[in-house]
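**Student:** Here is my input, please return the structure:
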Amino acid sequence: RLARPERRGGQPLVLAHCWSHARREVIKATPGKGSPVADELLKQIARLYALEKEIRGQPPAQRLKQRQARSRPIVEKLDTWVGEQRARLSRKSPMGGALAYIANHWGGLCVFLEDGRVEMDNNPVENLIRPLALNRKNALFCGHDEGGASWARIASLVETCKLNGVEPYAYLRDTLEAIAADYPQSRLDDLLPWAFTSAHQRA
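**Tutor:** Here you go, the predicted model:
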């Protein structure tokens, strides 16, 4: 709903769709004996990923420039090619379904060509949340609602530490010790994971 034109409270959000998911649909639809359609599609997607590997870590403006010059022609040809394959394949076939998935998400798949901050896929985020997703069943045994809320807070802190390159145990130990030692409330922002320094470095 947040992406619809009639959204209230702000401009509609732009949804960036995931090329990894698109590739996965093609792989699932590929028969055991192989498919020329799948081979060509996966080859072109691999070319896009190879270009992304070259420009990874560059400033957004530079990434956008490279994508416009090198990735856009590949994507435009791929758009035409996918349309041609859809016209000749049965929509009820597995590969026809995979191509329909790509066509239905095409606008979102092209967002990375317009914004250098956007990644081609959401694999980094999925990899970060996978441990939490795998632990969902354990959270069912938290005892009560407040126990679940406490678990969620701790899990959020731990994952935020990882995102910021902070060792979670050291962060929790030093932060709890600082709170117990009456750390000034006016400086609590200093105890957040992205601002963390070890206790002996804090004045």
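**Student:** Contact partners for the spatially most central residue of the chain?
**Tutor:** For the chain, the residue nearest the mean C-alpha position is residue 122 (2.1 Å; CA atoms, centre = their mean). Each residue near residue 122 by CB atoms under 8 Å, 6 or more residues apart in numbering is listed here: 18, 20. C-betas here are computed from N, CA, C, even on glycine.
**Student:** okay, it: pLDDT?
**Tutor:** According to the prediction, residue 122 has pLDDT 87.
**Student:** What of residue 202?
**Tutor:** Looking at residue 202, the pLDDT reads 47.
**Student:** cool, and residue 73?
**Tutor:** pLDDT, read off for residue 73, is 97.
**Student:** host element of it?
**Tutor:** helix 72-88 (DSSP states H and E).
**Student:** still on that earlier bit, okay, the residue nearest to the centre of the chain and residue 19: tell me how far apart.
**Tutor:** Applying CB to CB, to the nearest Å, the value for residue 122 to residue 19 is 10 Å.
**Student:** and if you look at residue 195?
**Tutor:** In terms of CB to CB, residue 195 sits 34 Å off from residue 19.
**Student:** And for residue 120, the neighbour number?
**Tutor:** 23 (other CB atoms under 10 Å).
**Student:** and what of residue 171?
**Tutor:** 20.
**Student:** Perfect, I'm done here.
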